[in-house]
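>>> pasting a predicted model and its sequence here:
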Amino acid sequence: MPKQIDHAAYRLELARKVAPLFSEHGYSGLGMRRVAEELGLSKSALYHYFPTKKSLFLACTEVVMSPPEDDLPADRPDESAAEALLGFARRLEPGFASEMSLLFDYLRGKSPDEIAADPAMVLANEEIRRQVEKYCPDNDADAVLCLLMGTLLMRHFTGGRLDYDRLFPALEKLL
């Protein structure tokens, strides 16, 4: 009897394995042949699950952006919104530089309209905004998101010397 394969689960497993490869090698530095070799698959088997590199990247984005269960506000009821958001930024920080490098590599040469319509960017932007909106009243999510992303960027540019606690008062004012 032939082996039964759950194709959706296997596709998800492949995307989980490939996501770190994109972070390590960049979008332009990783071809489908190398991905297939890294996974121990034939190129045709890889193309069966992902017809293009862009579809593979989107699947990896879905994996990376799937919300972690521990980001739910109810899990930390005594935490203020500002504390929770700074904790969220701290959890994003370890992979931030490689993820930003990957994104800029992926977006290289695309127009603003192409970026705005790109499915991976739409998904990533919607999910990160959804995470921030959980802690923001009214329409402050964009301002808070800009502050958090700018904080992560400046922490990277200063070698981590920008202290999160210095941002706490500004974040409290926004909230």
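Yep, it's here.
>>> any figure for the gap between the closest residue to residue 121 other than its chain neighbours and residue 108?
Closest residue to residue 121 apart from its sequence neighbours, by CB to CB, 6 or more residues apart in numbering: residue 115 at 5.7 Å. C-beta here means a position set from N, CA and C on the backbone, and glycine is covered the same way. As judged by CB to CB, to the nearest Å, residue 115 and residue 108 stand 11 Å apart.
>>> same deal with residue 102?
Taking CB to CB, one finds residue 102 at 11 Å from residue 108.
>>> and what of residue 11?
Counting by CB to CB, the gap from residue 11 to residue 108 is 27 Å.
>>> between these two, which has more neighbouring residues?
residue 11 (15 against 10; other CB atoms under 10 Å).
>>> helices along this structure, start to end?
7-25, 32-39, 43-49, 53-65, 81-107, 112-117, 119-133, 141-157, 164-174 (DSSP state H).
>>> residues touching the first one, excluding its own?
Taking CB atoms under 8 Å, 6 or more residues apart in numbering as the criterion, the residues outside helix 7-25 that touch it are 30, 34-35, 38-39, 41, 46, 49-50, 56-57, 59-60, 62-64, 95, 98-99, 102.
>>> could you redo the last one with a cut-off of 6 Å?
By CB atoms under 6 Å, 6 or more residues apart in numbering, the surrounding residues in contact with helix 7-25 are 30, 35, 38, 49, 59, 60, 63, 64, 98, 102.
>>> include neighbour count and distance to residue 168 when you put the residues you listed into TSV, please.
TSV is the format used below for the contacts of helix 7-25 (neighbours: other CB atoms under 10 Å; distance: CB to CB, whole Å):
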residue	neighbour count	distance to residue 168
30	21	39
35	21	42
38	15	42
49	19	45
59	20	37
60	23	33
63	16	32
64	20	27
98	14	27
102	25	29
